[in-house]
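*Asks:* I'd like to go over a predicted model; first the sequence, then the structure.
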Amino acid sequence: MHHHGAVPHAGEAAPATRGSTLGQADLERFARLVRRQLDVPVALVVADPDDLPSLHLGVRAVSWLSMPVVDAGGAALGHLCAVDERPRAWTEPEVETLRDLAAACSTELRLLEAELLSSRAREEAELVARHSRLLLALSEALVGPATVHEVTATVLQVAREVLETGSCGVLLVDHERGGLQPYTSSEDVLDWLPARMAAQGLTADDLYPARVALTGAPLFIADLGALGRRDPRIDAVFGREAFQRWAIVPLVTADGRTDGVITMSWPQPRPFSGEEQDSLAALGRYAGQALQRARLVEDLGDVARTLQEALLTALPSPPGLDVAARYSPAARAHQVGGDWYDAFVLPDGATALVIGDVTGHDLGAAAAMGSLRSMLRALAFEHPASPAEAVQRLDRAAVGLGSPTLTTIVCAVVDPADDGADDGADGGARTLRWTCAGHLPPLLLLPDRRVEDLGRRPEVLLGVAPESPRSDHVVRLPPGAVLLLYTDGLVERRGEDVDLGIARLAAALARRAGQDPADLVAGLLEELLPEEAEDDVAVLALRVRPAAVLASRSAALAAVPSSARAARRLLAAVLAEAGCADPDRAAVAELLVSELATNAIHHGAGPEIAVDVVVRAAAGASSVLRVEVADASPARPVRRHAAPTDEGGRGLELVALVASAWGTSERPVGKAVWFELELSPARP
């Protein structure tokens, strides 16, 4: 084509082509070829050659020649132009040369566009693959977690590792109080976010996640800064440099309820593709359903624990014996097992002890435990002389009633004190009869600190062969001996022989010789249980009081003010029985027991307080009084230094100043406060 006209000598050329993907370097390369081959001062690619007269090319465009640059379908994307500042007749070879160069430019353009399309396809495929990996990783990771904490931690980990989020957080709907509450975050956001929001008068309901929780619709923000004017309070909380790209998706349960939201953010703005939005929304559904399952399991665990705790009744205080027990649940909240202990006094005055473990860690195990416990109590009353007979009848009854359950159990009976016991070395000794149905062996701590394993020939556990014969075993319990019954959670460790665990328990038991049974049980649990115990544990200890006990009595008193007087009467009876003839020491003891009883009544918990009074022989001809007052509150009393003008607060201060020793100890339910007081020699 031949065109003639004048163009001003200033400015730059127009954009190359419509929709072109060629870079400036590519265009310049073709322009150089045209300038060199056609000997022109200016060559360029323009969208429309008719625009040349209006372009600022830096020369006088007197004549020009152009050829179209076309795409794969033949549509013109632009024109490759040769511009001369002189009048010029373009020859046929020059026209063919420009046509060849335009064709080469078109070919390269198509190759670059194909490469770009391929690159975009690869990016989209990688994005789809990444989000497919997200859903696969999340579905696999959410198989194991069973608590709300574990589910949310898994979501954060998957979002960080697979989606490469800059930050990620989970907010949960509080269905009781209403509103949205921050639960956890991948960063330390929860350490500073609540205080900053409070300072600006903001709550979680003021933020975008609340909108998502309310509507149940995901929210995708490709560029936070492009949303227009920002709330200055938000800037004060998060800062203007906060992450710009956000995805906020609801945690949707299987029944369509929104239980919370997941917030994810990235530093740089970028649009969300449809596949990406679908994947992120699916993440919310996966996590929401896992969260729903976790909450259901935790609710069932709460029911099972309530049932289990209700069945762990108060322990008896049989004459001449001290009984203590503890139950420790597994670290995982939903792992509620069928471990239990029981102790009760039989009609003939003997003391029955039971420790058992029902297979399973759920509500069914706890319910089966309650059923077996109740049946065994009734059968033990009918057959007090033979634990084996009671356990065999229990096995038959469970099978006959259609509720056989695999259960291990030790059932033991400690005879009452012999009426004719003499004052010799074996005075106050008891006879122990027990049977073991597939359970771990009882341990016996002797007064000389030796520990005897009472394991005998193993007999089958309950629920397998109810007609199998069972055996009673007999051993003498000397004064001061401690019998220990326990479940497998105390000694079993993953990958370790259980005999090693039993040996470890026996060594720990020997080190605690002489301890009060309650302190002994608490110490064993503290020493032997790992922080994240995988199984629940029940422990039951019985000590035969040494023959040196001069007198002892126990009473459960109503938690009313008048019970302080009843506690003093109990003390007076024990002192009289022990032969304490010093009225001054008796008056001091009455004052101290009044302080402990009054403190338990006014500051403790539960409908009753338990008062235990014992006088033991000491060195020479003297004796020691020990008084324990227990209530259902686990809170330990604090010794105060009352001011002269205070009307109260001096009780424990008085106990600490007057008593020979004082302290606190744990009980299966609550705590006990105790004191010891040296007494004058007993009357001859």
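*Replies:* Nice, thanks for sending it over.
*Asks:* for this protein, which helix extends over the most residues?
*Replies:* Secondary structure assigned by DSSP state H gives helix 92-141 as the longest helix of the chain.
*Asks:* quick one: residues contacting the nearest residue to residue 42 once chain neighbours are set aside.
*Replies:* The shortest distance from residue 42 to any non-neighbouring residue, by Cβ to Cβ, 6 or more residues apart in numbering, is to residue 83 (4.0 Å). Backbone N, C-alpha and C define where each C-beta goes, glycine included. Taking Cβ atoms under 8 Å, 6 or more residues apart in numbering, we find residue 83 in contact with 40-44, 52, 57, 59, 61, 63-64.
*Asks:* wasn't residue 83 part of a strand?
*Replies:* Yes. Counting by DSSP: H, G, I helix; E, B strand; the rest coil, residue 83 is located in a strand.
*Asks:* quick check: it vs residue 93, distance?
*Replies:* From residue 83 across to residue 93, the span is 18 Å (Cβ to Cβ, to the nearest Å).
*Asks:* equivalent analysis for residue 160, please.
*Replies:* Taking Cβ to Cβ as the measure, residue 160 falls 65 Å from residue 93.
*Asks:* now do residue 344
*Replies:* For residue 344, the distance to residue 93 - Cβ to Cβ - is 118 Å.
*Asks:* look at those two and report which has more neighbours.
*Replies:* Set side by side, residue 344 and residue 93 show more neighbours around residue 344, with 16 against 10, by other Cβ atoms under 10 Å.
*Asks:* leaving out sequence neighbours, find the closest residue to the more buried one.
*Replies:* Nearest residue to residue 344, sequence neighbours excluded (Cβ to Cβ, 6+ apart): residue 352, at 5.4 Å.
*Asks:* for the stretch 251-400 of the chain, which segments count as strands?
*Replies:* Taking DSSP state E, counting those that start in this stretch, the strands of the stretch 251-400 of the chain run over residues 258-266, 321-328, 338-345, 351-358.
*Asks:* so for residue 239, what pLDDT did the model give?
*Replies:* What the model reports as pLDDT for residue 239 is 61.
*Asks:* what about residue 47, distance to residue 406?
*Replies:* Applying Cβ to Cβ, the value for residue 47 to residue 406 is 84 Å.
*Asks:* please identify which of these two sits among more neighbours.
*Replies:* Looking at residue 47 and residue 406 with other Cβ under 10 Å, you find the greater number of neighbours at residue 47, namely 18 against 15.
*Asks:* look up how far residue 59 lies from that one.
*Replies:* From residue 47 over to residue 59 (counting by Cβ to Cβ), the distance is 20 Å.
*Asks:* do the same with residue 32
*Replies:* Note on residue 32: its distance to residue 59, by Cβ to Cβ, is 16 Å.
*Asks:* between these two, tell me which one has more neighbours.
*Replies:* A direct count of neighbours by other Cβ under 10 Å for residue 32 and residue 59 places residue 59 higher, at 16 against 11.
*Asks:* in a strand, that's where that one is, yeah?
*Replies:* No. The assignment for residue 59, made by three-state DSSP, is coil rather than a strand.
*Asks:* what about the nearest residue to it once chain neighbours are set aside, how many residues nearby?
*Replies:* Leaving aside its sequence neighbours, residue 59 sits nearest to residue 85 (Cβ to Cβ, 6+ apart; 4.5 Å). Using other Cβ under 10 Å, residue 85 has 18 other residues around it.
*Asks:* and residue 85, what's its pLDDT?
*Replies:* The model's pLDDT for residue 85 equals 87.
*Asks:* ok, it touching residue 60?
*Replies:* Yes. Taking contacts as Cβ atoms under 8 Å, residue 85 lies within contact range of residue 60: 4.5 Å.
*Asks:* ok, back up a step: winner for burial among the strands of the stretch 251-400 of the chain?
*Replies:* Mean neighbours per residue, mean count of other Cβ atoms under 10 Å, is largest over the strands of the stretch 251-400 of the chain for strand 351-358, with a mean of 25.
*Asks:* helices or strands up against that one?
*Replies:* strand 321-328, strand 338-345, helix 363-382, strand 407-414, strand 482-486, strand 537-544 (3 or more Cβ pairs under 8 Å, 6 or more residues apart in numbering; DSSP states H and E).
*Asks:* and those as CSV, adding distance to residue 637 and mean pLDDT?
*Replies:* Formatted as CSV, these follow (distance: least, Cβ to Cβ, whole Å; pLDDT from 0 to 100):
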stretch, distance to residue 637, mean pLDDT
strand 321-328, 20, 91
strand 338-345, 27, 88
helix 363-382, 33, 78
strand 407-414, 33, 93
strand 482-486, 28, 97
strand 537-544, 25, 94
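*Asks:* between the ones you listed, which one is closest to residue 150.
*Replies:* helix 363-382 (19.9 Å; Cβ to Cβ).
*Asks:* sec struct for residue 590, please.
*Replies:* Of the three states, residue 590 takes helix under three-state DSSP.
*Asks:* where does the closest residue in space to it that isn't next to it in sequence land in three-state SS?
*Replies:* Nearest non-adjacent residue to residue 590, counting by Cβ to Cβ, 6+ apart: residue 568, 4.9 Å away. For residue 568, the assignment made with three-state DSSP gives helix.
*Asks:* angles on the backbone of the residue positioned nearest the centre of the chain, please.
*Replies:* Among the residues of the chain, the one closest to the centroid is residue 149, at 5.2 Å (Cα atoms, centre = their mean). In terms of degrees, to the nearest 10, the main-chain angles of residue 149 are phi -60, psi -40.
*Asks:* what count of nearby residues applies to residue 531?
*Replies:* Residue 531 - counted by other Cβ under 10 Å - has 5 other residues nearby.
*Asks:* now stretch 501-517: how far from the chain's centre is it?
*Replies:* Stretch 501-517 sits 31 Å away from the centroid of its parent chain (Cα atoms, centre = their mean, to the nearest Å).
*Asks:* do the same with stretch 194-213
*Replies:* Relative to its chain's centre, stretch 194-213 lies at 26 Å (Cα atoms, centre = their mean).
*Asks:* give me the contacts around that stretch.
*Replies:* Counting by Cβ under 8 Å, 6+ apart, 171, 173, 179-182, 218-219, 221, 233-234, 236-237, 246, 248-250, 258, 260-261, 263 sit against stretch 194-213.
*Asks:* inside strands: which ones of the residues you listed?
*Replies:* Of the positions in the contacts of stretch 194-213, 171, 173, 180-182, 219, 221, 246, 248-250, 258, 260-261, 263 sit in strands, assigned by DSSP state E.
*Asks:* flag every buried residue along stretch 430-441.
*Replies:* Using 16 or more other Cβ atoms under 10 Å as the test for burial, stretch 430-441 gives 430, 432-441.
*Asks:* so which of the strands of the stretch 251-400 of the chain comes closest to residue 504?
*Replies:* Among the strands of the stretch 251-400 of the chain, strand 321-328 comes nearest to residue 504, with 16.6 Å by Cβ to Cβ.
*Asks:* neighbouring strands for the closest one, and are they parallel or not?
*Replies:* Here strand 321-328 is paired, per DSSP bridges, with strand 537-544 (antiparallel).
*Asks:* export the strand it pairs with as CSV, just CAs?
*Replies:* Extracted in CSV, the C-alpha atoms of strand 537-544 (Å, rounded to 0.1, in the frame of the first residue of the first chain):
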residue,chain,number,x,y,z
VAL,A,537,-7.1,-46.0,85.7
ALA,A,538,-8.7,-47.2,88.9
VAL,A,539,-6.7,-47.9,92.0
LEU,A,540,-7.9,-49.2,95.4
ALA,A,541,-5.8,-49.6,98.5
LEU,A,542,-6.6,-51.2,101.9
ARG,A,543,-4.3,-51.0,104.9
VAL,A,544,-4.6,-53.1,108.1
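*Asks:* and after it, which helix or strand comes next?
*Replies:* Helices and strands here follow DSSP states H and E; after strand 537-544, the next one along the chain is strand 549-558.
*Asks:* paired strands for that following strand, with orientation please.
*Replies:* Here strand 549-558 is paired, per DSSP bridges, with strand 608-617 (antiparallel).
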